[in-house]
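**Student:** sequence unavailable; structure follows:
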């Protein structure tokens with residue numbers, strides 16, 4: 001299986017390893033910052049993957065930790081790779097790149113959506129309506145750019161050796177007429193087609209289930225092939241979203257997703273449900 005690379009994931013991996021080496025050396029962030037004559041926040045942001053590190057930064061930090069040789073050279077190379085730009089950087093006014101960069105390298109994407117079809121499965125008209133309603137303040141040109149980016153992201157699902165996409169959709173998604181009847185019919189037909197892909201598992205969570213494990217809201221769990229890249233949860237909100245990476249948070253969301261899948265209709269019945277709903281419109 002192809003190993004997926006992403007500058008965002010490389011930056012995250014580098015930060016995790018630098019933090020591990022610092023803690024193994026018994027040195028505080030403040031002590032590192034003092035030795036390198038920089039701010040503590042710079043070291044902290046490098047370790048969390050929120051800021052990139054130059055190869056020189058990495059060499060200097062590793063020198064403080066007493067790390068050299070092949071280990072140091074490997075991490076310097078990761079720093080170089082992390083400074084490369086992903087395709088999404090061409091759309092800096094549209095995307096921050098954080099989620100898209102993590103998504104681009106994922107080998108599994110487990111997603112629950114309570115209100116809308118997820119971006120990776122939206123047709124253009126549905127996406128356009130969503131963007132216009134969410135951002136009435138932006139220009140038509142900016143809407144076009146955002147739709148274009150959302151469609152570009154979808155190549156992830158259809159590329160060679162794609163990630164496995166497992167999606168649970170609340171039944172509410174199929175009753176909310178985003179864009180009108182014609183758009184919804186096309187969107188539902190597209191979902192049925194997507195559900196036929198070998199790398200896509202699509203399930204519907206019916207109203208009849210009542211209260212369920214996902215009532216706190218929509219989220220996505222991104223999983224990676226390499227052990228050095230731990231899973232990450234993204235919980236979206238109106239302000240952008242929240243990344244969760246602690247072990248207990250990851251365990252909780254994996255349990256929630258497993259419970260949602262167990263409560264939802266099986267994939268074959270879900271496809272039948274979606275097709276029937278499309279005919280009703």
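**Tutor:** Great, that's in hand. Everything numeric here is computed off the predicted structure, so don't read it as measured data.

**Student:** contacting residues for residue 260?
**Tutor:** By Cβ atoms under 8 Å, 6 or more residues apart in numbering, the contact set of residue 260 is 112, 168, 205, 212, 213, 214. C-beta here means a position set from N, CA and C on the backbone, and glycine is covered the same way.

**Student:** helix, strand or coil for the second one?
**Tutor:** Spelled out, that is residue 168. Under the three-state scheme (DSSP: H, G, I helix; E, B strand; the rest coil), residue 168 adopts strand.

**Student:** who is it paired with across the strands?
**Tutor:** Using DSSP bridges, the bridge partners assigned to residue 168 are residue 112, residue 203.

**Student:** looks like it contacts residue 261 (just checking).
**Tutor:** Yes: contact between residue 168 and residue 261 holds when scored by Cβ atoms under 8 Å: they sit 6.0 Å apart.

**Student:** what residues are shared contacts of those two?
**Tutor:** Common neighbours of residue 168 and residue 261, counting by Cβ under 8 Å, 6+ apart, are residue 203.

**Student:** the two: which is more packed in?
**Tutor:** It is residue 168, of residue 168 and residue 261, that has more neighbours when counted by other Cβ atoms under 10 Å, with 25 against 19.

**Student:** just among the contacts of residue 260, which is most surrounded?
**Tutor:** Taking other Cβ under 10 Å as the neighbour criterion, residue 112 ranks highest of the contacts of residue 260 with 27 neighbours.

**Student:** pipe the contacts of residue 260 into a markdown table and attach pLDDT per row.
**Tutor:** Converted to a markdown table, those look like this (pLDDT from 0 to 100):
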| residue | pLDDT |
| --- | --- |
| 112 | 98 |
| 168 | 99 |
| 205 | 99 |
| 212 | 97 |
| 213 | 97 |
| 214 | 96 |
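
**Student:** give the residue farthest from the middle of this structure.
**Tutor:** Going by Cα atoms, centre = their mean, the residue of the chain most distant from its centre is residue 35, 35.6 Å out.

**Student:** for that residue, give me its contacts.
**Tutor:** Applying Cβ under 8 Å, 6+ apart to residue 35 gives the contacts residue 64.

**Student:** what separates it from residue 62, distance-wise?
**Tutor:** From residue 35 across to residue 62, the span is 12 Å (Cβ to Cβ, to the nearest Å).

**Student:** all the strands of the stretch 151-281 of the chain, residue numbers only.
**Tutor:** Ranges of strands in the stretch 151-281 of the chain, per DSSP state E, counting those that start in this stretch, are 164-170, 200-205, 219-223, 232-235, 242-244.

**Student:** please give me every residue in contact with the nearest residue to residue 72 once chain neighbours are set aside.
**Tutor:** Excluding the flanking residues, the one nearest residue 72 by Cβ to Cβ, 6 or more residues apart in numbering is residue 62, at 4.8 Å. Listed by Cβ under 8 Å, 6+ apart, the contact set of residue 62 reads 18, 21, 68, 71, 72, 75.
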